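Here you go, sequence then predicted model.
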Amino acid sequence: MKFDYYYNNVPGVGKTRNNLIYTSLVNTDMTVFVQWYHNDTKYHTDQNQVVDINLMQEKYERELKYLQLMRGAYPDLVPKILDIDDTNRKIYLLIDGLDFWNRSNCQTQYYDETLPYWREQMTEIISAHKQLGLHKYSMHPSSYFMVNKQLKSINYFFAYHNSEPYMCINDVISHIHSDRQDKLREYTDKHNIPWDSPISFDILDKLCYNSFRNNYPEDFIEKCLS
């Protein structure tokens with residue numbers, strides 16, 4: 001099976017990397033997506049954000065742990081895992097074409113056209129996380145694939161469980177794009193939230209949803225916050 005890089009095709013920008021951490025691959029038939037936890041300079045166009053090999057390994061292990069947790073509890077809400085290559089840190093996932101973001105031409109106004117019930121499905125996924133005690137901070141629209149008109153959630157490398165210690169924003173800054181960091185800064189400055197002290201997951205949840213206001217309709221973000 002042949003694989004190639006998988007990109008977002010953003011209007012006015014062109015092909016951009018699909019993820020800041022791992023290297024995204026897809027087969028020719030667009031039926032298998034690969035999360036390759038590898039620091040590929042060509043794919044990331046010399047803008048690599050996670051260059052520490054130990055951190056990359058930790059992200060891979062976190063993805064696998066919580067993806068498998070979701071598969072066990074809510075198998076319809078995440079893709080089927082076809083194969084796991086621990087040696088090369090590759091996770092092979094069953095998909096059905098482009099992700100939700102790409103299918104919507106990378107524009108919010110096309111979400112309803114792409115999938116009329118996306119709000120309900122995404123809310124179901126977020127509710128499942130709550131039931132399992134998970135806090136997932138990678139909620140960009142490209143973090144969801146569609147299989148049989150059902151959203152499937154991925155990117156658990158940036159997810160944490162209630163049982164884990166609280167973290168500082170500065171601890172995870174390499175996971176966050178500079179544009180989103182600016183949005184985070186607006187919110188943290190307004191609410192006097194420090195970047196160098198541990199913060200509860202509940203506060204980080206609110207911070208996350210507010211930073212994605214440009215990627216989702218206002219009513220959806222407000223529903224998440226409520």
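Received it, and whenever you're ready, just let me know what you need. Numbering: from 1, shown residues only.

what's the neighbour count on Gln107?
Applying other Cβ atoms under 10 Å, we find 12 residues neighbouring Gln107. Every residue, glycine included, has its C-beta placed from N, CA and C.

What is the one helix or strand in the chain whose mean pLDDT sits lowest packed up against?
Least confident helix or strand of the chain, by mean pLDDT, DSSP states H and E, is helix 178-190 with a mean of 79. Packing contacts for helix 178-190, counted by 3 or more Cβ pairs under 8 Å, 6 or more residues apart in numbering; DSSP states H and E, involve helix 201-211.

Centre of the chain to whichever helix or strand comes after the helix it packs on, how far?
As assigned by DSSP states H and E, the chain's next helix or strand after helix 201-211 is helix 218-225. Computed by Cα atoms, centre = their mean, to the nearest Å, the separation of helix 218-225 from the middle of its chain amounts to 18 Å.

just checking, what packs against helix 218-225?
Under the contact criterion of 3+ Cβ pairs under 8 Å, 6+ apart, helix 218-225 touches helix 118-132, helix 201-211.

residues of the last one that come out buried?
By neighbour count, and taking 16 or more other Cβ atoms under 10 Å as the criterion, the buried residues in helix 201-211 are 201, 204-211.

got it, and stretch 122-129?
122, 124-126, 128-129.

do stretch 65-79 as well
Buried residues in stretch 65-79 (16+ other Cβ under 10 Å): 66-67, 69-70, 74, 77-79.

Report the mean confidence score over it.
The average pLDDT for stretch 65-79 rounds to 98.

Now that stretch - C-alpha only, PDB.
This file holds the C-alpha atoms of stretch 65-79, laid out as PDB (Å, rounded to 0.1, in the frame of the first residue of the first chain):
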ATOM      1  CA  LYS A  65      -3.600   5.200  25.200                       C
ATOM      2  CA  TYR A  66      -6.600   7.500  24.900                       C
ATOM      3  CA  LEU A  67      -7.500   6.400  21.400                       C
ATOM      4  CA  GLN A  68      -7.700   2.800  22.600                       C
ATOM      5  CA  LEU A  69      -9.600   4.000  25.700                       C
ATOM      6  CA  MET A  70     -12.200   5.600  23.400                       C
ATOM      7  CA  ARG A  71     -12.300   2.500  21.200                       C
ATOM      8  CA  GLY A  72     -13.100   0.400  24.200                       C
ATOM      9  CA  ALA A  73     -15.900   2.600  25.600                       C
ATOM     10  CA  TYR A  74     -17.200   4.400  22.500                       C
ATOM     11  CA  PRO A  75     -16.100   2.400  19.400                       C
ATOM     12  CA  ASP A  76     -18.400   4.400  17.100                       C
ATOM     13  CA  LEU A  77     -16.800   7.800  18.000                       C
ATOM     14  CA  VAL A  78     -13.200   7.100  16.900                       C
ATOM     15  CA  PRO A  79     -11.700   5.400  13.800                       C
END
